[in-house]
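Enquirer: fold the following.
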Amino acid sequence: MVRKLYKSHAHPLVRIVTRSPISWEPTIATMKHSGKVLTVTWPPCSRFIAVGFFTRIEILDAVTLERLHTFTHPMIEKSRRFSFSPDSRSLTQFSRDNPRLTTWDLQTGGRISVTPSTPIAYSAQYQYFSSTYSTDGKIVAAAYRGLVNRAVTGISTYNLISGTHIYSHRVSEGRIIAQIWTCGTFLRFATVKSGSITIWEVGFTSEHTLAEIETLSVPGEIGPGECLFLPTRSRLAFIIGEAVLVWDARDSEFLLGFMGGDRPTGLSFSLDGGLFSCGTIGQGIHLWRETPTGYVLHRKLIFKADTTPLLSPDGESIITSSNSDTQLWRTTDPISPPSSVPTQPDRKTDFVLAFSPDKSSIAIGRYRDNIVTVLDLKSGDPRLIVDTDMKICSLGVTANTVIVVGDRKVVTWDLPAGDCVLDARANIHDSVRTVVVNHPPPPLGWLHSASISPDFNHLVISRGVDKGLDVYDMSTGKHVAGIATDFVSKPWFTRDGREVRYSGMFYHGEKIIRGGGSDVIRLEPVRYGSVPSGGHLWESPHGHDVTDDGWIFDSRKKRVMWLPHRWRVPKEYRVWDGRFLALFDRGLPEPVVIELGE
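Expert: All right, here's what the predicted structure looks like:
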């Protein structure tokens, strides 16, 4: 129905050749920033988000991620924490690098007060990690801990109206675990030490002394790592190694024991304890829902980069931040994909891929993996699936063959002739040619990166450990040129084969200077900052462009396609070849290949 209505306007046409099975994640919005995200904070009302950078704070709408306010700082700060007032109308910044607390009014965008920090909190040996306001929002308490000795903790309070420090109290028994909270006219915090949690109470002013309220039992094995205490339900979440555990301190029982298989991070409860989440480096976000028997897995969110999740107080949303972007997810969407949908590998690795010169096929594999799939670009069906019996460094594909570069050899297989045979299989015994490359083997546990020239005559291999590039003849494996450089990775030939470009701290490259014979070449450094001959691989030869908000524009600046949030990969993970666009971020289950029509 939609096609009939809008077919005449759908120009140029777009075709998805191959895509991730779970391509449309429940991401509501994505915000690209012009700087590295340092921290993200929710207010009590869950209606917006504070995102902190080196020199500014951005206030974003929690539904659209639209920028509402921007607060700037005169000094570059590497570490900071934000806290919202109880009515969510003001925001206070705490910083280790700047000896003051700054409070802003979120409705007007103006500055309310600047309060000098205490010498102990400003010391390079300490940092703030949790805070809470008095019920009237006039006084704020901040917990600090030692950077070297995290067991050294204390509380400082400040009057935000007068801009003065009230008192500081160092905790001598146990260590404060996040978070501190307000209870009536007092502030409370929890300390943990061998087998117990102690709840303490103290006033926001110096009129009231520290008092012990209650002691609760905790597992004896809890260590010095990340801990999160939920005061409304007396629950403690903590990490031991690769395990995430949630302990009910009232009933003295475990409500969750989860082994993530990698380093967990970002423990987060909703305010009522009904939801609990944590991130796992390389494994995504796990979200659990409370049941009468404990916490059960509600869903797993897959994202394209390693991020730290933060659950909103109302439990309806999760924010993830990584490098220069912020993503908003909903927790109330459908729970999980069908069981038939393949999951991602246990450990994410980069993809390697190559288009055939005639644009009939694409070869795809995972770096360090041994499986190569050759897809027919017309039908999207696999022409050949090869078990190479070696770890893949680079790929090449012609109309009739697929070429795989391994640790020390280049192996070639013939592609099935005639009509495409679905899921045709091959292994090392079916190969038609093997060329041994005479370069030293890589160190144990490390692989070279490589690239094949467009004419399939040469192979370039980076020596990341030895800091150099080497060029070899593809037909003989003979070394024909080499150069010592700074640390390099991911070398690639330009489309015309005249240059080798590579990535390191900056993008550099080498010109290929051919001598009298076809096999005699040398490398000469290109001018710093020069544009590669034929352009970067992530630049379209037909003038297409991909914007930060996910739109693909054609050469006339007309919108061609809107990319799902999950497909919005950094430019270094995009390859244009003619009118084909490949997206191959390591966070995707498989590369996405898109063809843009005339």
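Enquirer: what distance do you get for the spatially closest residue to L255 that is not a sequence neighbour to L187?
Expert: Nearest non-adjacent residue to L255, counting by Cβ to Cβ, 6 or more residues apart in numbering: G294, 4.1 Å away. The way it works is simple: take the backbone N, C-alpha and C, and place the C-beta from them, glycine included. G294 sits 31 Å away from L187, going by Cβ to Cβ, to the nearest Å.
Enquirer: next SSE downstream of the helix or strand bottoming out on mean pLDDT in the chain?
Expert: Counting by mean pLDDT, DSSP states H and E, the weakest-scoring helix or strand in the chain turns out to be helix 119-122, with a mean of 52. Counting by DSSP states H and E, the element after helix 119-122 in chain order, helix or strand, is strand 126-133.
Enquirer: neighbouring strands for that next one, and are they parallel or not?
Expert: Note on strand 126-133: by DSSP bridges, its sheet partners are strand 139-146 (antiparallel).
Enquirer: so for stretch 586-593, mean pLDDT?
Expert: Throughout stretch 586-593, pLDDT has a mean value of 83.
Enquirer: export it to PDB, keeping only CA atoms.
Expert: The C-alpha coordinates for stretch 586-593 follow below in PDB (Å, rounded to 0.1, in the frame of the first residue of the first chain):
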ATOM      1  CA  ARG A 586      32.300  -5.000  15.200                       C
ATOM      2  CA  GLY A 587      29.100  -4.400  17.200                       C
ATOM      3  CA  LEU A 588      27.000  -5.800  14.400                       C
ATOM      4  CA  PRO A 589      26.300  -9.500  14.000                       C
ATOM      5  CA  GLU A 590      27.200  -9.200  10.300                       C
ATOM      6  CA  PRO A 591      28.000  -6.500   7.900                       C
ATOM      7  CA  VAL A 592      25.200  -4.500   6.300                       C
ATOM      8  CA  VAL A 593      25.400  -4.100   2.500                       C
END
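Enquirer: pLDDT weak spots in the stretch 251-400 of the chain?
Expert: By pLDDT under 70, the low-scoring segments of the stretch 251-400 of the chain are 260-261, 281-283, 302-307, 333-348.
Enquirer: so for G294 and L187, which sits in the more crowded spot?
Expert: L187 (25 against 14; other Cβ atoms under 10 Å).
Enquirer: measure that one to P357 for me?
Expert: For L187, the distance to P357 equals 69 Å [Cβ to Cβ].
Enquirer: just M390 next, same as before
Expert: 25 Å.
Enquirer: list the residues that contact T401.
Expert: When contacts are counted by Cβ atoms under 8 Å, 6 or more residues apart in numbering, T401 is found next to 412-415, 432.
Enquirer: quote the end-to-end distance of stretch 470-478.
Expert: End-to-end distance for stretch 470-478: 10 Å, by Cα to Cα, to the nearest Å.
Enquirer: stretch 199-213 too?
Expert: Using Cα to Cα, the end-to-end distance of stretch 199-213 comes to 5 Å.
Enquirer: again, but for stretch 501-513
Expert: For stretch 501-513, the end-to-end distance is 14 Å (Cα to Cα).
Enquirer: swap in stretch 50-58?
Expert: Using Cα to Cα, the two ends of stretch 50-58 sit 6 Å apart.
Enquirer: got the buried residues for it?
Expert: 50-53, 57-58 (16 or more other Cβ atoms under 10 Å).
Enquirer: state the mean pLDDT of it.
Expert: The average pLDDT for stretch 50-58 rounds to 86.
Enquirer: residues contacting it, please?
Expert: Contact with stretch 50-58 is made by 31, 33, 35-41, 43, 59-60, 67, 69-73, 75-78, 80, 82, 84, 91, 93, 104, 321, 326, as judged by Cβ under 8 Å, 6+ apart.
Enquirer: also stretch 549-557?
Expert: Outside stretch 549-557, the residues that touch it by Cβ under 8 Å, 6+ apart are 12, 30, 32, 542-547, 559-565, 567-568, 581, 594, 596.
Enquirer: tell me which residues of that stretch come out buried.
Expert: In terms of neighbour count (16+ other Cβ under 10 Å), stretch 549-557 has its buried residues at 552-554.
Enquirer: cool, and stretch 62-77?
Expert: Along stretch 62-77, these residues count as buried under the neighbour rule (16+ other Cβ under 10 Å): 62, 65, 69, 71, 73, 77.
Enquirer: do the same with stretch 127-139
Expert: For stretch 127-139, by 16+ other Cβ under 10 Å, it's 127-134, 137, 139.
Enquirer: gap between that stretch and the chain center?
Expert: 31 Å (Cα atoms, centre = their mean, to the nearest Å).
Enquirer: any idea how far apart the tips of it sit?
Expert: Taking Cα to Cα, stretch 127-139 runs 19 Å from one end to the other.
Enquirer: ok, stretch 438-448 next?
Expert: OK, stretch 438-448 end separation, Cα to Cα: 13 Å.
Enquirer: what's opposite W104 in the beta bridge?
Expert: Legend: beta-bridge partners of W104 under DSSP bridges are L91, R111.
Enquirer: which residue comes closest to L210 once chain neighbours are left out?
Expert: V202 is the one closest to L210 (Cβ to Cβ, 6+ apart), at 4.7 Å.
Enquirer: give me the neighbour count for S252.
Expert: By other Cβ under 10 Å, 11 other residues sit near S252.
Enquirer: can you pull the contacts of it?
Expert: S217.
Enquirer: quick one: it from Y133, how far?
Expert: The spacing between S252 and Y133, counted by Cβ to Cβ, is 32 Å.
Enquirer: please apply the same query to L267.
Expert: Note on L267: its distance to Y133, by Cβ to Cβ, is 23 Å.
Enquirer: and for Y167?
Expert: From Y167 across to Y133, the span is 16 Å (Cβ to Cβ).
Enquirer: same question, G146
Expert: G146 sits 24 Å away from Y133, taking Cβ to Cβ as the criterion.
Enquirer: before we move on, what about R170?
Expert: 22 Å.
Enquirer: before we move on, what about L588?
Expert: As judged by Cβ to Cβ, L588 and Y133 stand 42 Å apart.
Enquirer: quick one, helices of this structure?
Expert: 2-6, 119-122 (DSSP state H).
Enquirer: tell me the buried residues in the first one?
Expert: By neighbour count, and taking 16+ other Cβ under 10 Å as the criterion, helix 2-6 has no buried residues at all.
Enquirer: list the residues that contact the closest residue to A484 other than its chain neighbours.
Expert: Distances taken as Cβ to Cβ, 6+ apart put G468 closest to A484, at 4.6 Å, once the chain neighbours are dropped. Contacts for G468 (Cβ under 8 Å, 6+ apart) come out as 462, 482-485, 488.
Enquirer: which one of those has the most neighbours?
Expert: Neighbour max across the contacts of G468 (other Cβ under 10 Å) = S462, 25 neighbours.
Enquirer: OK, contacts around it?
Expert: Applying Cβ under 8 Å, 6+ apart, one finds that S462 lies in contact with 448-450, 468-469, 488-491, 502.
Enquirer: next one: V37
Expert: V37 touches 51-53, 321-326, counting by Cβ under 8 Å, 6+ apart.
Enquirer: also F48?
Expert: 59-62, 68, 88, 106.
Enquirer: sort out which of those are in strands and list them.
Expert: The members of the contacts of F48 that map onto strands under DSSP state E are 59-61, 68.
Enquirer: show me the strands in the stretch 451-598 of the chain, by range?
Expert: Using DSSP state E, counting those that start in this stretch, the strands of the stretch 451-598 of the chain run over residues 458-463, 468-473, 479-484, 489-493, 499-503, 507-514, 521-525, 545-546, 551-553, 559-562, 574-577, 580-583, 592-596.
Enquirer: try the stretch 201-350 of the chain
Expert: Applying DSSP E, counting those that start in this stretch to the stretch 201-350 of the chain gives strands spanning 211-217, 227-230, 235-240, 243-248, 253-259, 264-269, 275-280, 284-291, 294-301, 308-311, 317-322, 325-330.
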